[in-house]
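**Q** what's the 3D shape of this:
(one chain, ligands or ions: 1)
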Amino acid sequence: MKFFVDTADVDAIAELNDLGFVDGVTTNPSLIMKSGRDILEVTKEICGMIDGPVSAEVVALNYDDMIKEGRKLAKIAENIAVKVPLTWDGLKTCKTLSEEGTMVNVTLCFSANQALLAAKAGASFISPFIGRLDDINIDGLQLIEDIRVIYDNYAYETEILAASIRTVNHVSDCAKIGADVVTAPPNVLQNLAKHPLTDQGLEAFMKDWAKTGQKIL
Ligand code: E4P
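**A** The predicted model follows:
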């Protein structure tokens, strides 16, 4: 399973990238706002840092302007995936940009039928938002399972990019279901390494080691 980092914070991306954990990056208008940076400038910087896809989202709501924005974003670098919302105009934009050879990430997906349409429109990635479904008492993971079955039934190549990841359990559950990618905030990816028994075990080893009076270096 691939890990994308869901942030426009270049320092956080660099830290995870040094460990080889970053297969791609996703951003959205809210994350750009949080970064306080210019979208074109920060996206270009991120594209230069990693080899994998970097999602940059259009903000127009109609097809004509979405296409113009998408083409402008696509020019930033070869690894741009233009992110479009799962609306009728977004799907039209997805079809056009995909036919032009641009990767498209269709975002704000909340149903299996929406995911089916995105695949038929040629999306490279579909982004179902698990956490936001969980927030309203709908099982987000069930949506990932449903999309996996549908895409496998018809051999769609669109990758399932599980988004709105809030917990470490979301990550392992998505891996069990067979999501192609999870995009998670940096803190969730860092928390994957944590376990209280690891901390307790290490503390006990260190105490015993001190009693030996030995040194390795
Ligand atoms: C995905 O591409 C989105 O940027 C993101 O996962 C949304 O997550 P949120 O629901 O925590 O804002």
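**Q** which one is residue 140 nearest to, not counting chain neighbours?
**A** Nearest in space to residue 140, with sequence neighbours left out and distances taken as CB to CB, 6 or more residues apart in numbering, is residue 130 at 3.1 Å. In this view, the C-beta of every residue, glycine as well, is placed from N, C-alpha and C.
**Q** so who does the one you found touch?
**A** 140, 141, 143, 144, 162, 163, 164, 165, 166, 170, 174 (CB atoms under 8 Å, 6 or more residues apart in numbering).
**Q** from those, which land in helices?
**A** Counted as lying in helices by DSSP state H, out of the contacts of residue 130, are 140, 141, 143, 144, 170, 174.
**Q** and the ligand, is stretch 112-124 touching that?
**A** No. Using CB under 6 Å from any ligand atom, stretch 112-124 never reaches the ligand; the gap is at least 13.0 Å.
**Q** what comes up buried for that stretch?
**A** 112, 114, 115, 116, 117, 118, 119, 121, 122, 123, 124 (16 or more other CB atoms under 10 Å).
**Q** what about it, distance to the chain center?
**A** Chain-centre distance of stretch 112-124: 17 Å, with CA atoms, centre = their mean, to the nearest Å.
**Q** looking at that stretch now, give me its mean pLDDT.
**A** Average pLDDT, stretch 112-124: 98.
**Q** give me the contact list for that stretch.
**A** 53, 81, 86, 91-92, 94-95, 98-99, 103-106, 109, 126, 128, 143, 146-147, 150-151, 154, 156, 158-160.
**Q** rerun that using 6 Å as the cut-off
**A** Stretch 112-124 has contacts (CB atoms under 6 Å, 6 or more residues apart in numbering) with 86, 91, 94-95, 98, 103-104, 106, 109, 126, 146-147, 150, 156, 158.
**Q** likewise stretch 2-14?
**A** In contact with stretch 2-14 (CB under 6 Å, 6+ apart) are residues 16, 21-27, 31-32, 35, 42, 45, 181, 183-186.
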